[in-house]
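J.: one predicted model, sequence on top.
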Amino acid sequence: MNPFAAIGRGTLGLMAEIGRFSAFAGRSAASIFAPPFFIGQFLRQCAQIGYFSLPVIGVTAVFIGAALALNIYVGGARFNAEQFVPNIVVLGITRELGPVLAGLMLAGRVSAGIAAEIGTMRVTEQIDAMTTLSTDPFKYLVAPRILAATLTLPILVLVADIIGVMGGYLVAVNSLDFNGAAYLRNTFEFVEPQDVILGLVKAAVFGFIIAAVGAYQGYNSSGGALGVGRATTNAVVGAIVLILAVNYLITAFFVE
(Lines give C-alpha, C1' and ligand atoms only; values in the text may rest on other atoms or scores of the structure.)
Protein backbone atom coordinates (compact mmCIF):
# COMPACT_ATOMS: atom_id res chain seq x y z
CA MET A 1 0.00 0.00 0.00
CA ASN A 2 3.00 2.31 0.40
CA PRO A 3 3.81 3.77 -3.06
CA PHE A 4 7.33 4.73 -2.02
CA ALA A 5 8.05 1.15 -0.99
CA ALA A 6 6.86 -0.06 -4.39
CA ILE A 7 9.08 2.47 -6.14
CA GLY A 8 12.01 1.41 -4.00
CA ARG A 9 11.48 -2.28 -4.73
CA GLY A 10 11.24 -1.54 -8.44
CA THR A 11 14.40 0.55 -8.38
CA LEU A 12 16.36 -2.07 -6.45
CA GLY A 13 15.11 -4.77 -8.80
CA LEU A 14 16.19 -2.74 -11.82
CA MET A 15 19.64 -2.10 -10.35
CA ALA A 16 20.04 -5.79 -9.55
CA GLU A 17 19.06 -6.76 -13.09
CA ILE A 18 21.53 -4.27 -14.54
CA GLY A 19 24.26 -5.71 -12.32
CA ARG A 20 23.47 -9.29 -13.33
CA PHE A 21 23.45 -8.39 -17.03
CA SER A 22 26.71 -6.45 -16.71
CA ALA A 23 28.40 -9.42 -15.02
CA PHE A 24 27.02 -11.75 -17.72
CA ALA A 25 28.20 -9.47 -20.53
CA GLY A 26 31.65 -9.12 -18.96
CA ARG A 27 32.06 -12.86 -18.57
CA SER A 28 30.84 -13.38 -22.15
CA ALA A 29 33.33 -10.83 -23.51
CA ALA A 30 36.16 -12.47 -21.58
CA SER A 31 35.17 -15.87 -22.97
CA ILE A 32 35.74 -14.61 -26.50
CA PHE A 33 39.48 -14.25 -25.94
CA ALA A 34 40.09 -17.36 -23.81
CA PRO A 35 40.70 -20.80 -25.35
CA PRO A 36 39.32 -23.18 -26.43
CA PHE A 37 37.92 -21.51 -29.54
CA PHE A 38 34.98 -23.14 -31.29
CA ILE A 39 35.60 -21.97 -34.86
CA GLY A 40 32.83 -24.10 -36.32
CA GLN A 41 30.26 -22.57 -34.01
CA PHE A 42 31.51 -19.08 -34.83
CA LEU A 43 31.28 -19.61 -38.59
CA ARG A 44 27.84 -21.16 -38.26
CA GLN A 45 26.63 -18.14 -36.30
CA CYS A 46 28.18 -15.74 -38.83
CA ALA A 47 26.08 -17.38 -41.53
CA GLN A 48 22.96 -17.45 -39.37
CA ILE A 49 23.24 -13.90 -38.08
CA GLY A 50 24.92 -12.18 -41.01
CA TYR A 51 24.26 -13.91 -44.31
CA PHE A 52 20.65 -14.91 -43.67
CA SER A 53 19.83 -11.40 -42.44
CA LEU A 54 20.89 -9.75 -45.70
CA PRO A 55 17.45 -9.93 -47.41
CA VAL A 56 15.54 -8.27 -44.58
CA ILE A 57 18.23 -5.62 -44.12
CA GLY A 58 18.34 -4.88 -47.85
CA VAL A 59 14.58 -4.55 -48.22
CA THR A 60 14.37 -2.33 -45.15
CA ALA A 61 17.20 -0.10 -46.36
CA VAL A 62 15.86 0.50 -49.86
CA PHE A 63 12.43 1.56 -48.61
CA ILE A 64 13.89 3.72 -45.83
CA GLY A 65 16.13 5.50 -48.34
CA ALA A 66 13.22 6.05 -50.72
CA ALA A 67 10.88 7.33 -48.00
CA LEU A 68 13.61 9.56 -46.56
CA ALA A 69 14.23 11.18 -49.94
CA LEU A 70 10.53 11.87 -50.43
CA ASN A 71 10.09 13.42 -46.99
CA ILE A 72 13.21 15.56 -47.26
CA TYR A 73 12.09 16.79 -50.66
CA VAL A 74 8.67 17.78 -49.28
CA GLY A 75 10.25 19.59 -46.34
CA GLY A 76 12.93 21.24 -48.46
CA ALA A 77 10.39 22.47 -51.00
CA ARG A 78 8.88 24.72 -48.33
CA PHE A 79 12.18 26.63 -48.11
CA ASN A 80 13.35 26.21 -51.71
CA ALA A 81 16.06 23.81 -50.51
CA GLU A 82 15.26 20.73 -52.62
CA GLN A 83 18.88 20.57 -53.80
CA PHE A 84 19.96 19.36 -50.35
CA VAL A 85 18.06 16.06 -50.65
CA PRO A 86 21.13 13.91 -51.54
CA ASN A 87 23.21 15.50 -48.77
CA ILE A 88 20.68 14.87 -46.02
CA VAL A 89 19.79 11.39 -47.27
CA VAL A 90 23.37 10.13 -47.18
CA LEU A 91 24.04 11.79 -43.81
CA GLY A 92 20.88 10.43 -42.21
CA ILE A 93 21.43 6.91 -43.48
CA THR A 94 25.14 6.55 -42.70
CA ARG A 95 25.09 8.18 -39.27
CA GLU A 96 21.68 7.21 -37.91
CA LEU A 97 19.08 5.30 -39.86
CA GLY A 98 21.38 2.62 -41.28
CA PRO A 99 22.83 1.30 -38.00
CA VAL A 100 19.70 1.90 -35.90
CA LEU A 101 17.22 0.25 -38.26
CA ALA A 102 19.57 -2.64 -38.98
CA GLY A 103 20.01 -3.08 -35.24
CA LEU A 104 16.26 -3.02 -34.63
CA MET A 105 15.61 -5.55 -37.38
CA LEU A 106 18.28 -7.87 -36.02
CA ALA A 107 16.94 -7.41 -32.49
CA GLY A 108 13.66 -8.90 -33.66
CA ARG A 109 15.26 -11.67 -35.66
CA VAL A 110 18.54 -12.58 -33.97
CA SER A 111 18.01 -11.68 -30.32
CA ALA A 112 14.75 -13.59 -30.22
CA GLY A 113 16.32 -16.58 -31.95
CA ILE A 114 19.28 -16.68 -29.57
CA ALA A 115 17.01 -16.39 -26.52
CA ALA A 116 14.72 -19.16 -27.77
CA GLU A 117 17.58 -21.49 -28.67
CA ILE A 118 19.58 -21.09 -25.48
CA GLY A 119 16.41 -20.93 -23.38
CA THR A 120 15.23 -24.25 -24.77
CA MET A 121 18.61 -25.76 -23.95
CA ARG A 122 18.33 -24.36 -20.42
CA VAL A 123 14.86 -25.69 -19.63
CA THR A 124 15.67 -29.10 -21.16
CA GLU A 125 18.84 -29.28 -19.02
CA GLN A 126 21.17 -29.46 -22.01
CA ILE A 127 23.30 -26.65 -20.56
CA ASP A 128 23.60 -28.56 -17.29
CA ALA A 129 24.69 -31.64 -19.22
CA MET A 130 27.24 -29.55 -21.10
CA THR A 131 28.68 -28.30 -17.81
CA THR A 132 28.83 -31.86 -16.51
CA LEU A 133 30.88 -32.84 -19.58
CA SER A 134 33.40 -30.04 -18.77
CA THR A 135 32.29 -27.81 -21.66
CA ASP A 136 31.92 -24.17 -20.71
CA PRO A 137 28.51 -22.97 -22.01
CA PHE A 138 29.86 -19.42 -22.26
CA LYS A 139 32.63 -20.47 -24.62
CA TYR A 140 30.53 -22.86 -26.69
CA LEU A 141 27.13 -21.10 -26.80
CA VAL A 142 27.47 -17.44 -25.83
CA ALA A 143 30.90 -16.27 -27.05
CA PRO A 144 30.52 -17.42 -30.71
CA ARG A 145 27.14 -15.71 -30.99
CA ILE A 146 28.33 -12.44 -29.48
CA LEU A 147 31.48 -12.36 -31.60
CA ALA A 148 29.56 -13.20 -34.78
CA ALA A 149 26.95 -10.49 -34.15
CA THR A 150 29.60 -7.90 -33.28
CA LEU A 151 31.57 -8.56 -36.47
CA THR A 152 28.77 -9.14 -38.97
CA LEU A 153 26.42 -6.27 -38.10
CA PRO A 154 28.90 -3.58 -39.30
CA ILE A 155 29.10 -5.41 -42.63
CA LEU A 156 25.31 -5.52 -42.83
CA VAL A 157 25.13 -1.81 -42.01
CA LEU A 158 27.65 -0.98 -44.73
CA VAL A 159 25.50 -2.88 -47.22
CA ALA A 160 22.39 -1.14 -45.85
CA ASP A 161 24.05 2.26 -46.31
CA ILE A 162 24.74 1.56 -49.96
CA ILE A 163 21.29 0.16 -50.64
CA GLY A 164 19.58 2.98 -48.73
CA VAL A 165 21.45 5.69 -50.64
CA MET A 166 20.57 3.97 -53.91
CA GLY A 167 16.93 3.78 -52.83
CA GLY A 168 16.94 7.55 -52.34
CA TYR A 169 18.71 7.95 -55.69
CA LEU A 170 16.08 5.92 -57.55
CA VAL A 171 13.21 7.93 -56.09
CA ALA A 172 14.96 11.26 -56.64
CA VAL A 173 15.81 10.52 -60.26
CA ASN A 174 12.61 8.73 -61.30
CA SER A 175 10.00 10.63 -59.27
CA LEU A 176 11.50 13.97 -58.27
CA ASP A 177 13.24 14.87 -61.55
CA PHE A 178 16.77 15.03 -60.15
CA ASN A 179 19.75 14.64 -62.46
CA GLY A 180 21.34 11.28 -61.70
CA ALA A 181 24.95 12.35 -62.16
CA ALA A 182 24.47 15.50 -60.08
CA TYR A 183 22.74 13.53 -57.32
CA LEU A 184 25.62 11.05 -57.05
CA ARG A 185 28.22 13.81 -57.23
CA ASN A 186 26.59 15.72 -54.39
CA THR A 187 26.34 12.52 -52.36
CA PHE A 188 30.02 11.59 -52.69
CA GLU A 189 31.23 15.16 -52.15
CA PHE A 190 29.18 15.64 -48.98
CA VAL A 191 29.69 12.35 -47.13
CA GLU A 192 32.85 12.14 -45.02
CA PRO A 193 34.71 9.07 -43.71
CA GLN A 194 33.80 9.84 -40.10
CA ASP A 195 30.10 9.67 -40.98
CA VAL A 196 30.49 6.09 -42.18
CA ILE A 197 32.83 5.19 -39.32
CA LEU A 198 30.34 6.45 -36.75
CA GLY A 199 27.66 4.21 -38.20
CA LEU A 200 29.98 1.19 -38.18
CA VAL A 201 30.99 1.83 -34.56
CA LYS A 202 27.34 1.98 -33.61
CA ALA A 203 26.70 -1.25 -35.52
CA ALA A 204 29.44 -3.13 -33.66
CA VAL A 205 28.07 -1.99 -30.28
CA PHE A 206 24.52 -2.85 -31.33
CA GLY A 207 25.64 -6.30 -32.45
CA PHE A 208 27.17 -6.96 -29.05
CA ILE A 209 24.00 -5.75 -27.32
CA ILE A 210 21.69 -7.86 -29.49
CA ALA A 211 23.58 -11.10 -28.90
CA ALA A 212 24.34 -10.42 -25.22
CA VAL A 213 20.73 -9.61 -24.32
CA GLY A 214 19.41 -12.63 -26.19
CA ALA A 215 21.96 -14.96 -24.60
CA TYR A 216 21.35 -13.49 -21.13
CA GLN A 217 17.60 -13.96 -21.30
CA GLY A 218 17.89 -17.46 -22.71
CA TYR A 219 20.59 -18.53 -20.26
CA ASN A 220 18.55 -17.41 -17.26
CA SER A 221 15.15 -18.63 -18.46
CA SER A 222 13.13 -21.11 -16.43
CA GLY A 223 9.64 -22.53 -16.25
CA GLY A 224 9.43 -24.62 -19.40
CA ALA A 225 7.87 -23.37 -22.63
CA LEU A 226 6.27 -20.40 -20.87
CA GLY A 227 9.64 -19.30 -19.54
CA VAL A 228 11.24 -19.58 -22.98
CA GLY A 229 8.48 -17.44 -24.49
CA ARG A 230 8.93 -14.86 -21.76
CA ALA A 231 12.70 -14.84 -22.31
CA THR A 232 12.22 -14.32 -26.05
CA THR A 233 9.90 -11.36 -25.50
CA ASN A 234 12.20 -9.82 -22.90
CA ALA A 235 15.19 -10.26 -25.22
CA VAL A 236 13.56 -8.34 -28.07
CA VAL A 237 12.22 -5.55 -25.86
CA GLY A 238 15.46 -5.22 -23.90
CA ALA A 239 17.63 -5.17 -27.00
CA ILE A 240 15.48 -2.50 -28.67
CA VAL A 241 15.49 -0.24 -25.61
CA LEU A 242 19.25 -0.60 -25.14
CA ILE A 243 19.93 0.08 -28.82
CA LEU A 244 17.96 3.32 -28.75
CA ALA A 245 19.54 4.45 -25.48
CA VAL A 246 23.11 3.58 -26.50
CA ASN A 247 22.55 5.18 -29.90
CA TYR A 248 21.85 8.50 -28.21
CA LEU A 249 24.90 8.18 -25.95
CA ILE A 250 27.25 7.39 -28.84
CA THR A 251 25.83 10.20 -30.97
CA ALA A 252 26.14 12.70 -28.12
CA PHE A 253 29.73 11.59 -27.46
CA PHE A 254 30.83 12.03 -31.08
CA VAL A 255 28.95 15.31 -31.55
CA GLU A 256 30.55 16.84 -28.48
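T.: Ah, there it is. The shown structure was predicted, so the numbers you read here are calculated from the model rather than taken from an experiment.
J.: going forward, measure contacts and count neighbours with C-alpha atoms only.
T.: Will do.
J.: quick one, phi/psi of Val123?
T.: Here is the backbone geometry of Val123 (degrees, to the nearest 10): phi -70, psi -20.
J.: in terms of pLDDT, where does it sit?
T.: Here the pLDDT value assigned to Val123 is 86.
J.: how about the helices in the stretch 151-256 of the chain?
T.: Listed in chain order, the helices of the stretch 151-256 of the chain (DSSP state H, counting those that start in this stretch) span 180-190, 193-219, 224-255.
J.: now render those helices as TSV, adding mean neighbour count, mean pLDDT and distance to Gly58.
T.: Formatted as TSV, the helices of the stretch 151-256 of the chain follow (neighbours: other Cα atoms under 10 Å; pLDDT from 0 to 100; distance: least, Cα to Cα, whole Å):
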stretch	mean neighbour count	mean pLDDT	distance to Gly58
helix 180-190	14	84	20
helix 193-219	24	91	15
helix 224-255	17	88	20
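J.: and Arg145, which of the ones you listed is closest to it?
T.: helix 193-219 (6.2 Å; Cα to Cα).
J.: quick one on the thing from earlier: of all the helices of the stretch 151-256 of the chain, which lies closest to Thr11?
T.: helix 224-255 (16.6 Å).
J.: against which helices or strands is the closest one packed?
T.: Judged by 3 or more Cα pairs under 8 Å, 6 or more residues apart in numbering; DSSP states H and E, the packing partners of helix 224-255 are helix 98-106, helix 112-123, helix 193-219.
J.: Leu147 reaches Phe42, doesn't it?
T.: Yes. Leu147 is in contact with Phe42 according to Cα atoms under 8 Å; the separation is 7.5 Å.
J.: list the contacts of Tyr73.
T.: Applying Cα atoms under 8 Å, 6 or more residues apart in numbering, we find Tyr73 in contact with Glu82, Val85.
J.: measure it to Val171 for me?
T.: Distance, Tyr73 to Val171, using Cα to Cα, to the nearest Å: 10 Å.
J.: try Met130
T.: For Met130 relative to Val171 (Cα to Cα), the value is 53 Å.
J.: equivalent analysis for Ile88, please.
T.: 14 Å.
J.: same check, this time on Tyr183
T.: On the measure of Cα to Cα, Tyr183 and Val171 end up 11 Å apart.
J.: neighbours around Ala29, how many?
T.: 19 (other Cα atoms under 10 Å).
J.: quick one: it and Arg145 touch, right?
T.: No. The pair Ala29 / Arg145 is not scored as a contact, 10.9 Å apart, by Cα under 8 Å.
J.: no further questions, thank you.
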